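Student: Predicted structure and sequence below. I'll ask about it afterward.
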Amino acid sequence: MSADETQAAATEPPRTPMRMALRRLRRHRMAIFASRILVILYVLTLFAGFFSPYDYDNERREHSYHPPQGIRFFDADGNFHGRPFVYATSYEFDEYFNRVWTVDTSVRYPLRFFARGDPYTIVGLFTWQRRLFTVEEPGRLYLLGADYRGRDLLSRILYGGRISLTIGLVGVSISFAIGMIVGGISGYVGGRTDFLIQRVCEMIMLIPGFYLLLVLRNTFPPGLSSVQVYFGIVFILAFIYWASFSRVIRGMVLSIREQEFVLAARAAGVPALRIIIRHVLPNTLSYAIVYVSLTIPYYILGESALSLIGLGIQDPVPSWGNLLQEAMSVPELKFHPWILIPGFFIFVAVMAFNFLGDGLRDALDPKTLAGTDS
Amino acid sequence: MIHYVIRRLLLSVLLLLAASLMAFLILKAAPGDYFALLEADPRISQEHVEALRAAYGLDRPIHVQYGMWLSNAVRGNFGHSFAYKQPVSSVIGTRLFNTLILNICAICLTWFIAIPIGVYAAVRQYSLRDKVLSGFSFVGMSLPSFFSALLLLYLFASVLDVLPPGGLYSVQYPQMSVGEKLADVARHLVIPVVVLALTAMASLQRITRGNMLEVLGQQYVCTARAKGLSERQVVYKHALRNALNPLITIFGYEFGALLSGSALLEIILDYPGLGSLMYTAVRSQDQFLVMGGFMMGACMLLVGNLLAELLLAWVDPRISYR
């Protein structure tokens, strides 16, 4: 490591602020770890069709609330099998009509890799049937258990991540664009425009966020497809969150516009909008990046919360929030605790974004420039 | 100072007006209204539904409706709730107390635990305990409140079966003695209070630690140490007092969210508070109830912000508003 560094110092590229920030970020071990987790999560969900054993809506009613299965290498007699397998299972009803599952050690279903399963499309472009692993019919693979309709929870979580993980990125991009431009104009132009824009922001921030989320959700006409609901929710969340962002950007623009390079640009006759976009806003970028990574969790949580109380993405399509919906009744929780698992995915994703944002803040904050790195 | 407060209050009134108009328009943008459900019922005649709409003024144009609502609201009449057939103020009043109890308990728990922990972590910066504590606070900040509520429900209401699964009263509540009633409510409060406090505690701990570290690096702390004060006095008398100033802003924010911050949790845990009331009101388009709740939430936020600014000016003489 140190040898690397000295060599790097010898042939060091010019020290741009961006490069120095990146270097500081690389030293932030938790942020790096978090970004790796995020890459894994995004790859898993982007190729959910490949990594999950079944389609998200592939149900088998008689396997309702099938408990999680372990993948085994050793059978009941202690023999080793090179190809991992799961045992067949069967159930009986007890006197309360709860299913009691028993493992039948006489029938083995070996895992089959790259086998044909339910068809899926990759990024909406190619249709494919091969899945990373699955078992031969009539066996079923439930690594994380099944839901009430006997759908594999692992598959549903991976498919659900497509919604929960993208909603943050899409939503943040929208409120980023609005917030930057509106905040830039408000701060740079000043006067009445500024006053008006600021009052509009305050108006939005005045109504408690969750209430605003509820009423805005209520304006959706009935019978929307899940894609329409998805974009509706993204826009609602962006609408709620752009205001506070644009206020901070405005505050930064107020001080930036007093600097000489802005005066120079103005003297050279550059039009105002161009000054804002080319000269002023880039100087707010480091804060904006930190802000973006720290607010993505709010979008994830907003969607999960809405879906959890039944106002978001609707059933056959999974999202991490609506997967938790079944966990809201205590009796279900008692007998099938694995339905809580989607919550851990939300938790991990949110924590990873928090760590990444924290690392980015440390890396991009000019205050730390004076300290460790010079 | 007085001028500043008056100007702020005037501006607040204008803002409230604008926010109420926005909220009203969004409410009206939703398809259908409260009485649309009645229309689907074949036993109720169309004329009756129309008469009900006319009685509440729902058949008028939107601007007339808003004007009617506004002129009543400024006189303190927020209208009737369709679902509860009572004035909005009394419907909200019954739920207000529950939400206040929940939030005040949570805030007390948060502040009494988070600040000492924050100070402790700052004094021992980079020690193992500090790292463990900051790890905990990251977990607490990232744990969604709905998920920690479900986890606690699973642990305490189902596996251990020591706490009730949501709500605020047991079924036997009316037959209980006063002491038992109090104990029953307290048992029901444990999970929501802990969940609310957990999230708030994590961030408050971190902020306290950060402020404390900043203050401990100041020269007057060095001076205090140099003149031979005990570490205890340095930390608690000189440093902590200054580190607490920025927390006043957070206090103002928490005050603003006092009535609306626990909404999601109330819905999930079936807690009979304002949040769950607003949820059903929004869902059923009980419009005057929704407007009443919104206005109250907005007022709380305004008061909270103003309170924070005034408190900050009061404790920190360097700050003055013009």
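Tutor: Here it is on my side, so go on.
Student: what stretches of the stretch 1-150 of chain A score poorly on pLDDT?
Tutor: By pLDDT under 70, the weakly predicted segments of the stretch 1-150 of chain A are A:1-14.
Student: which stretches of the chain form strands?
Tutor: In the absence of a named chain, chain A is used. Under the criterion DSSP state E, strands of chain A are mapped to A:72-74, A:80-93, A:99-122, A:126-135.
Student: Which of the helices and strands in chain B ranks last by mean pLDDT?
Tutor: For chain B, counting by mean pLDDT, DSSP states H and E, helix B:36-39 ranks last in confidence among helices and strands (a mean of 79).
Student: Show residues contacting it.
Tutor: B:44, B:46, B:48-49, B:52, B:284-285 (CB atoms under 8 Å, 6 or more residues apart in numbering or on different chains). Placement of C-beta: from N, CA and C, glycine included.
Student: Buried by neighbour count, from those residues: which ones?
Tutor: Burial by neighbour count, judged by 16 or more other CB atoms under 10 Å in any protein chain shown, picks out B:49, B:52, B:284-285 from the contacts of helix B:36-39.
Student: ok, and which of the residues you listed reach chain A?
Tutor: By CB under 8 Å from any CB of the partner chain, the members of the buried ones among the contacts of helix B:36-39 lying near chain A are B:Q285.
Student: returning to what we had before: next structured bit after the least confident helix or strand of chain B?
Tutor: Using DSSP states H and E, the helix or strand that follows helix B:36-39 towards the C-terminus is helix B:46-55.
Student: Alpha carbons only: can I get that following helix in CSV?
Tutor: Output in CSV follows, covering the C-alpha atoms of helix B:46-55 (Å, rounded to 0.1, in the frame of the first residue of the first chain):
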residue,chain,number,x,y,z
GLN,B,46,-79.4,9.9,-5.6
GLU,B,47,-81.5,12.8,-4.4
HIS,B,48,-80.5,12.1,-0.8
VAL,B,49,-76.8,12.0,-1.7
GLU,B,50,-77.2,15.3,-3.6
ALA,B,51,-78.9,16.8,-0.6
LEU,B,52,-76.1,15.8,1.6
ARG,B,53,-73.5,17.3,-0.8
ALA,B,54,-75.5,20.5,-0.9
ALA,B,55,-75.7,20.6,2.9
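Student: Please identify the deepest-packed of the strands of chain A.
Tutor: strand A:126-135 (a mean of 16; mean count of other CB atoms under 10 Å in any protein chain shown).
Student: Pairing partners for it, with directions?
Tutor: Using DSSP bridges, strand A:126-135 pairs in its sheet with strand A:99-122 (antiparallel).
Student: what sits against the residue in the stretch 151-300 of chain A that chain B sits nearest to?
Tutor: Using CB to the nearest CB, the single residue of the stretch 151-300 of chain A nearest to chain B is A:P208, 3.5 Å away. Contacts for A:P208 (CB under 8 Å, 6+ apart) come out as B:257, B:260-261, B:263, B:294, B:297-298, B:301.
Student: How about A:G269?
Tutor: Taking CB under 8 Å, 6+ apart, we find A:G269 in contact with no residue.
Student: Need the per-residue pLDDT for it.
Tutor: A:G269 carries a pLDDT value of 89.
Student: quick one, phi/psi of it?
Tutor: phi 80, psi 20 (degrees, to the nearest 10).
Student: any idea how far A:F261 is from it?
Tutor: Distance of A:G269 to A:F261, given as CB to CB, to the nearest Å: 15 Å.
Student: How about B:L163?
Tutor: In terms of CB to CB, B:L163 sits 61 Å off from A:F261.
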